[in-house]
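S.K.: Pasted the sequence and its predicted model underneath.
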Amino acid sequence: MNLVFLGPPGAGKGTIASQAKKHFDIPHISTGDLFRNHIKGETTLGKQVKAILASGDLVPDTITIAMVEQRLAEADAKKGFILDGFPRTIAQAEALNSMTKLDAVVNFELDREQIIKRLSGRRVCKSTGRTYHLVFDPPKREGVDDETGEALIQRDDDKPEAIAHRLDVYLKQTEPLIAFYRNAKLLVDVDASLAPEAVLAEMVSALA
Ligand code: AP5
């Protein structure tokens, strides 16, 4: 199954993808995680994109498309994939069309107020990427990862100024993809305001 997860920042794409990848036995490919791994590893690409991610702007299409093309060519993606956070522009969607054929695009719907609550309360473990929420999904012990015991951090782009900017970028550059994929008859709308188990169940039944 070749899936794209589309939706505003903080809609829960990564949270649901980490469960859906087990359900469908396919890899979860998050462009945000790929970029963050480059930044952590201080690669040339990481140095190039660090400030862009912190500000909430999009990385240029050429860089992002090349990175995804390379990732989709890896062996594990041959049996299917969940692309989370890609495409984010019409140019990326057109490039993806020329790389592979999609089975569905899941559109995570969530209102602005909920988005802001989810992003501002998100905390992550830097080394594992595991995600928590101060209210909705707190760690067992305040401020530390359940498994590694490392201190949790707030992503630079989850600070208030960056959140507002990411939402503007989403509306201008990414939201047009909803019509793009609806026209292509690939879009599956999901109510992302429900609890994660309910979002996953709704999505699985809609895809079936
Ligand atoms: P990326 O990492 O893709 O960020 P995003 O799309 O903004 O998505 P998020 O990771 O913020 O949110 P999510 O929907 O995965 O929510 P999550 O599950 O964590 O991209 C980061 C940056 O990389 C971009 O700004 C850009 O610079 C660059 N980039 C990436 N892709 C690019 C591309 N294609 N082109 C160009 N640039 C690109 O959940 C959020 C919080 O809510 C968590 O705390 C979670 O615990 C909680 N939560 C989740 N689901 C629920 C629920 N159902 N109920 C209650 N709480 C929930």
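M.R.: That came through fine. Numbering: from 1, shown residues only.
S.K.: Show me which residues of this protein are close to the ligand?
M.R.: 7, 9-15, 30-32, 35, 52-53, 56-59, 64, 85-88, 92, 118, 121-122, 131-133, 136-137, 157, 166, 195-196, 199 (CB under 6 Å from any ligand atom). Just so you know, the C-beta spots here come from the backbone N, C-alpha and C atoms, and that holds for glycine as well.
S.K.: Out of these, which sit inside strands?
M.R.: 30, 122, 131, 132, 133 (DSSP state E).
S.K.: Kindly state the pLDDT recorded for the first one?
M.R.: In other words, residue 30. Per-residue confidence at residue 30 stands at 97 (pLDDT).
S.K.: swap in the one 3 residues further on?
M.R.: According to the per-residue confidence, residue 33 scores 95 in pLDDT.
S.K.: same question, residue 126
M.R.: Residue 126 is given a pLDDT of 87.
S.K.: wait, it sits on residue 148?
M.R.: No. With contact defined as CB atoms under 8 Å, residue 126 does not reach residue 148; the gap is 9.7 Å.
S.K.: Compare these two (neighbour count), which wins?
M.R.: Between residue 126 and residue 148, counted using other CB atoms under 10 Å, residue 126 has the larger neighbour count: 15 against 12.
S.K.: So that one versus the ligand, what's the distance?
M.R.: Using CB to the nearest ligand atom, to the nearest Å, residue 126 is found at 14 Å from the ligand.
S.K.: out of everything not next to it in sequence, what's closest to that residue?
M.R.: Of all residues not flanking residue 126 in the chain, residue 153 sits nearest, at 5.5 Å (CB to CB, 6 or more residues apart in numbering).
S.K.: quick one: the helices in this protein?
M.R.: For the chain, applying DSSP state H gives helices covering 13-24, 31-40, 44-55, 61-72, 90-99, 112-120, 160-169, 176-183, 196-207.
S.K.: Give me the mean pLDDT for the fourth one.
M.R.: To tie it back to what came earlier, the one meant is helix 61-72. Mean predicted lDDT for helix 61-72 stands at 98.
S.K.: Nearest to the ligand within the chain, name that residue for me.
M.R.: residue 32 (1.9 Å; CB to the nearest ligand atom).
S.K.: My read is that that residue contacts residue 83, right?
M.R.: No. Residue 32 lies out of contact with residue 83 (CB under 8 Å); the separation is 11.4 Å.
S.K.: Name the residue in these two with the higher neighbour count.
M.R.: Comparing residue 32 with residue 83 by other CB under 10 Å, the one with more neighbours is residue 83, at 27 against 19.
S.K.: Before we move on, what's the pLDDT of the closest residue to the more buried one other than its chain neighbours?
M.R.: Distances taken as CB to CB, 6+ apart place residue 4 nearest to residue 83, at 4.8 Å, with adjacent residues excluded. Residue 4 is assigned a predicted lDDT (pLDDT) of 98.
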